[in-house]
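>>> Could you look at this predicted model? Sequence included:
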Amino acid sequence: MSEAYERERQNNARLEELSAKVSSLRGVTVDIYDNARAQDIIDNTSDTFSSMSTQLKGSAGRLGRMAASGNKVAIFKLAGIVIAAFLVLYYMVKLIF
């Protein structure tokens, strides 16, 4: 009887060790998954900024062609829009902070 009790105790101890190892492995798996998702978000952000950079270059090129053509009314409208956008952003930031 004593021998069976000893084996049961050893089995329980090993089962607890195995449970601790499985829990540890689960934690590592979750960390790897979280890291992979964070990396995907970083890649998507990089793609977004790259696209924005391309669009900004195209807009700057069109603006340069417009200024070279000498269309004064369009230049004044654009300057007004830029100034208005700056003022709106300035006051929004001022209200937030």
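Right, received. Where do you want to start?

>>> Where does pLDDT dip in the chain?
Confidence mapping of the chain against pLDDT under 70 gives the ranges 1.

>>> Mind telling me which residue is nearest the centre of it?
residue 41 (4.1 Å; Cα atoms, centre = their mean).

>>> where's that one relative to residue 56, distance?
22 Å (Cβ to Cβ, to the nearest Å). Every C-beta, even on glycine, is put in place using the N, C-alpha and C of the backbone.

>>> count of neighbours near residue 78?
14 (other Cβ atoms under 10 Å).

>>> didn't it look like it was pressed against residue 63?
Yes - in terms of Cβ atoms under 8 Å, residue 78 counts as a neighbour of residue 63; the distance is 7.1 Å.

>>> Following the chain past the top helix by length along the chain, name the next helix or strand.
Looking across the chain with DSSP state H, the single longest helix is helix 2-69. Moving toward the C-terminus from helix 2-69, the next helix or strand (DSSP states H and E) is helix 72-96.

>>> and for that following helix, what are the contacting residues?
By Cβ atoms under 8 Å, 6 or more residues apart in numbering, the surrounding residues in contact with helix 72-96 are 63, 66-67.

>>> repeat that for 6 Å
residue 66 (Cβ atoms under 6 Å, 6 or more residues apart in numbering).

>>> please begin residue numbering at 42 from this point
Fine by me, first position is 42 from now on; the one you just mentioned is helix 113-137.

>>> List the buried residues in that helix.
By 16 or more other Cβ atoms under 10 Å, helix 113-137 has no buried positions at all.

>>> If you compare the directions of it and helix 43-110, what angle comes out?
150 degrees (axes from the mean of the first three to the mean of the last three Cα atoms, to 10 degrees).
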